[in-house]
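Colleague: coordinates only, sequence not included:
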């Protein structure tokens, strides 16, 4: 009858089983990402080109122009990467594979970790590559406090992942997701000062910017690259709050099969 | 192995299940038949714990569906595979999710590759496979850990002959090994070949259950004779063979056409529909 799975009782064995399943899910999702890398590549290459082109403009227009062009475009294109997270999660719905996973032995938490871990790593890699490129090619001073910068990247990527998951949990199609993610990303990131330095924007926009996660991400990253730990903390806390609210809603929806089953 | 008693499920104003009861013993194949909307897929989803019933009870091997995950193999009606992932990678994924370790997993993959004839495309991505091949892959992912209960929801829908043969062979073999199997289908001859107990669903409940012979016993068939002068004789009868012999013995003119229609499950459907309407 049922094949021997090697399952043994006890918390340590249960943890090993859980990690085994999460690894299987993460490997599968990594494979899917690697076999369809177009969107990820474009969100890395496009900001690289724009950094080169826009750097002279930023340097002449504002103080600290090099930092602002690197962090601004990093934030802008990392916001675009929300659609990578959203599409990856929504695809499980269109392929109808999410229900197949829900029938398996893996509980909801494992499914979500296994699904989102590779996307999270993609987002971290995107931001890290852009920051390293900024230092090596654009002339961004090498940050003195690397752990602070890394921590900021982790928090920002987590926020983006949660927002992407939220979008995937509420939209009905890839078309809807594309519209919301692209228009929303452009609005949020440019309003937050990612495209045009905030000091050059109208007064109303400078006030409205504070509603944008992109604004807080910029503040956090700009503080982090100059080693300002205190200035990093408040934006980081606000972003974590946004991530937790969005993530909690998304988890609730996804573990119920997009609200269809009312369980799990 | 599977006990469902008086299940009720509503989707808004639609009553999908209305007192649906079904039991399946270990080693038994139950062919669940019924028209679209009869409640077959809703039943499968409740047993799989994808949705929750509004009323009634269901247990798998004595446990509720929430405690039976991993013990139920489900092949849903629609194809649900990752397009860019190969067949082997699918089997490895679902095997690992079921907890199979390397040796057991390799052995299960090998066995299913042979049984469901996956060898020719085992390392191809599923997006490039035919519908029948995808059906076989989907069934393989449900069978990978030899679950005690198999829910196969129209596993041969739109499939070619090879897929159908392979699927029926594996289903028979798994039942022989002691698995309880719920097999929903619109292809009634498959259930005859599987020697399945047939449960007929209609309007959210099981309205008849038995072997094929038991269900069609007493239903009228038809004998039709056409004479060479185009005169037609039609007789509705529960004994088509005997009636034919009788008619041939009494025929006074040459006969150009003989048609014998034995009662089938389609006739059962029709008779049940008539009794429902009346």
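Modeller: On my side now, so go ahead. All values reported here derive from a predicted model rather than from experimental measurement.

Colleague: Report the secondary structure state of residue B:8.
Modeller: On the three-state scheme (DSSP: H, G, I helix; E, B strand; the rest coil), residue B:8 is labelled strand.

Colleague: what sits against it?
Modeller: Going by CB atoms under 8 Å, 6 or more residues apart in numbering or on different chains, residue B:8 touches B:15, B:17, B:18, B:19, B:20, B:53, B:54, B:55, B:56. (Each C-beta comes from the backbone N, C-alpha and C, glycine too.)

Colleague: same thing but 6 Å
Modeller: B:17, B:54, B:55, B:56 (CB atoms under 6 Å, 6 or more residues apart in numbering or on different chains).

Colleague: what do you get for residue B:119?
Modeller: Counting by CB under 6 Å, 6+ apart, residue B:119 has contacts residue B:113.

Colleague: Near residue B:142, how many other residues are there?
Modeller: Around residue B:142 there are 21 other residues, counting by other CB atoms under 10 Å in any protein chain shown.

Colleague: State the distance from it to residue B:156.
Modeller: 14 Å (CB to CB, to the nearest Å).

Colleague: for residue B:162, same thing?
Modeller: For residue B:162, the distance to residue B:156 - CB to CB - is 11 Å.

Colleague: These two: which has the busier surroundings?
Modeller: residue B:156 (24 against 13).

Colleague: what helix or strand does the more buried one sit in?
Modeller: Following DSSP states H and E, one finds residue B:156 outside all helices and strands.

Colleague: Tell me if I'm right that it and residue B:168 touch.
Modeller: No. Residue B:156 is beyond contact range of residue B:168, at 7.9 Å (criterion: CB atoms under 6 Å).

Colleague: Mind pulling up the pLDDT for residue A:1?
Modeller: Among the per-residue scores, residue A:1 shows a pLDDT of 53.

Colleague: so residue A:219 touches residue A:233, yeah?
Modeller: No. Taking contacts as CB under 6 Å, residue A:219 lies outside contact range of residue A:233: 10.6 Å.

Colleague: Between those two, which has more neighbouring residues?
Modeller: Of the pair residue A:219 and residue A:233, residue A:219 is the one with more neighbours under other CB under 10 Å, namely 26 against 13.

Colleague: any idea how far that one is from residue A:193?
Modeller: 9 Å.

Colleague: roughly how far apart are residue A:117 and residue A:124?
Modeller: From residue A:117 to residue A:124 the distance is 11 Å (CB to CB).

Colleague: and the stretch 151-278 of chain B, which residues reach chain A?
Modeller: Taking CB under 6 Å from any CB of the partner chain as the criterion, the neighbours of chain A within the stretch 151-278 of chain B are residue B:178.

Colleague: Mind jotting down where the strands sit in the stretch 151-278 of chain B?
Modeller: B:180-184, B:197-202, B:205-210, B:221-227, B:232-237, B:255-261 (DSSP state E, counting those that start in this stretch).

Colleague: Same question for the stretch 1-150 of chain B.
Modeller: Using DSSP E, counting those that start in this stretch, strands in the stretch 1-150 of chain B cover B:2-11, B:14-24, B:29-33, B:55-60, B:72-75, B:149-153.

Colleague: what would those strands look like in TSV with mean pLDDT?
Modeller: Shown next, in TSV, are the strands of the stretch 1-150 of chain B (pLDDT from 0 to 100):
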stretch	mean pLDDT
strand B:2-11	94
strand B:14-24	94
strand B:29-33	93
strand B:55-60	94
strand B:72-75	93
strand B:149-153	93
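
Colleague: got those as JSON lines, with distance to residue A:78 columns?
Modeller: Below are the strands of the stretch 1-150 of chain B laid out as JSON lines (distance: least, CB to CB, whole Å):
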{"stretch": "strand B:2-11", "distance to residue A:78": "40"}
{"stretch": "strand B:14-24", "distance to residue A:78": "44"}
{"stretch": "strand B:29-33", "distance to residue A:78": "50"}
{"stretch": "strand B:55-60", "distance to residue A:78": "45"}
{"stretch": "strand B:72-75", "distance to residue A:78": "38"}
{"stretch": "strand B:149-153", "distance to residue A:78": "42"}
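
Colleague: low pLDDT regions in chain A?
Modeller: A:1-9, A:257-264 (pLDDT under 70).

Colleague: Which parts of it are helices?
Modeller: A:11-34, A:38-61, A:65-80, A:82-94, A:97-103, A:108-133, A:146-170, A:174-191, A:203-208, A:213-225, A:229-254 (DSSP state H).

Colleague: cool, and chain B?
Modeller: B:40-47, B:87-97, B:102-115, B:131-143, B:161-176, B:188-193, B:212-216, B:240-250, B:265-277.

Colleague: what's the least confident stretch among the ones you listed?
Modeller: For these, where the average pLDDT is lowest is helix B:265-277, sitting at a mean of 66.

Colleague: Give me the number of neighbouring residues for the closest residue to residue B:68 other than its chain neighbours.
Modeller: Excluding its sequence neighbours, the residue lying closest to residue B:68 (CB to CB, 6 or more residues apart in numbering or on different chains) is residue B:60, at 4.0 Å. If you count neighbours by other CB under 10 Å, residue B:60 ends up with 25.

Colleague: Could you do residue B:228 as well?
Modeller: 10.

Colleague: coming back round to it: put together JSON lines for the helices of chain A, with distance to chain B on each row.
Modeller: As requested, the helices of chain A are exported to JSON lines (distance: least, CB to the nearest CB, whole Å):
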{"stretch": "helix A:11-34", "distance to chain B": "4"}
{"stretch": "helix A:38-61", "distance to chain B": "12"}
{"stretch": "helix A:65-80", "distance to chain B": "22"}
{"stretch": "helix A:82-94", "distance to chain B": "9"}
{"stretch": "helix A:97-103", "distance to chain B": "5"}
{"stretch": "helix A:108-133", "distance to chain B": "9"}
{"stretch": "helix A:146-170", "distance to chain B": "16"}
{"stretch": "helix A:174-191", "distance to chain B": "14"}
{"stretch": "helix A:203-208", "distance to chain B": "41"}
{"stretch": "helix A:213-225", "distance to chain B": "31"}
{"stretch": "helix A:229-254", "distance to chain B": "13"}
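
Colleague: For residue B:123, find the nearest of those.
Modeller: Judged by CB to CB, the one of those that comes nearest to residue B:123 is helix A:11-34, at 13.2 Å.

Colleague: what does the closest one contact?
Modeller: So helix A:11-34 is contacted by A:106, A:110, A:113, A:114, A:115, A:117, A:118, B:84, B:93, B:96, B:97 (CB under 6 Å, 6+ apart).

Colleague: out of these, which are buried?
Modeller: A:106, A:110, A:113, A:114, A:115, A:117, A:118, B:84, B:93, B:96, B:97 (16 or more other CB atoms under 10 Å in any protein chain shown).

Colleague: what's the closest of the residues you listed to residue A:60?
Modeller: For the buried ones among the contacts of helix A:11-34, the nearest to residue A:60 is residue A:118 (40.6 Å; CB to CB).

Colleague: residues contacting that closest one?
Modeller: Counted by CB under 6 Å, 6+ apart, residue A:118 has contacts A:26, A:29, A:30, A:33.

Colleague: now do 10 Å
Modeller: A:25, A:26, A:27, A:28, A:29, A:30, A:31, A:32, A:33, A:34, A:88 (CB atoms under 10 Å, 6 or more residues apart in numbering or on different chains).

Colleague: And for residue A:96?
Modeller: B:76, B:77, B:78, B:79, B:80, B:81.

Colleague: With respect to pLDDT, which of these ranks lowest?
Modeller: Within the contacts of residue A:96, residue B:77 has the lowest pLDDT, namely 87.

Colleague: Tell me how many other residues crowd that one.
Modeller: Counted with other CB under 10 Å, residue B:77 comes out at 16.

Colleague: So the closest residue in space to it that isn't next to it in sequence versus residue B:135, what's the distance?
Modeller: If you skip the residues right next to it in sequence, residue B:77 has residue B:153 as its closest partner in space, 4.3 Å away by CB to CB, 6+ apart. Note on residue B:153: its distance to residue B:135, by CB to CB, is 11 Å.

Colleague: And residue A:67, by the same measure?
Modeller: Taking CB to CB, one finds residue A:67 at 57 Å from residue B:135.
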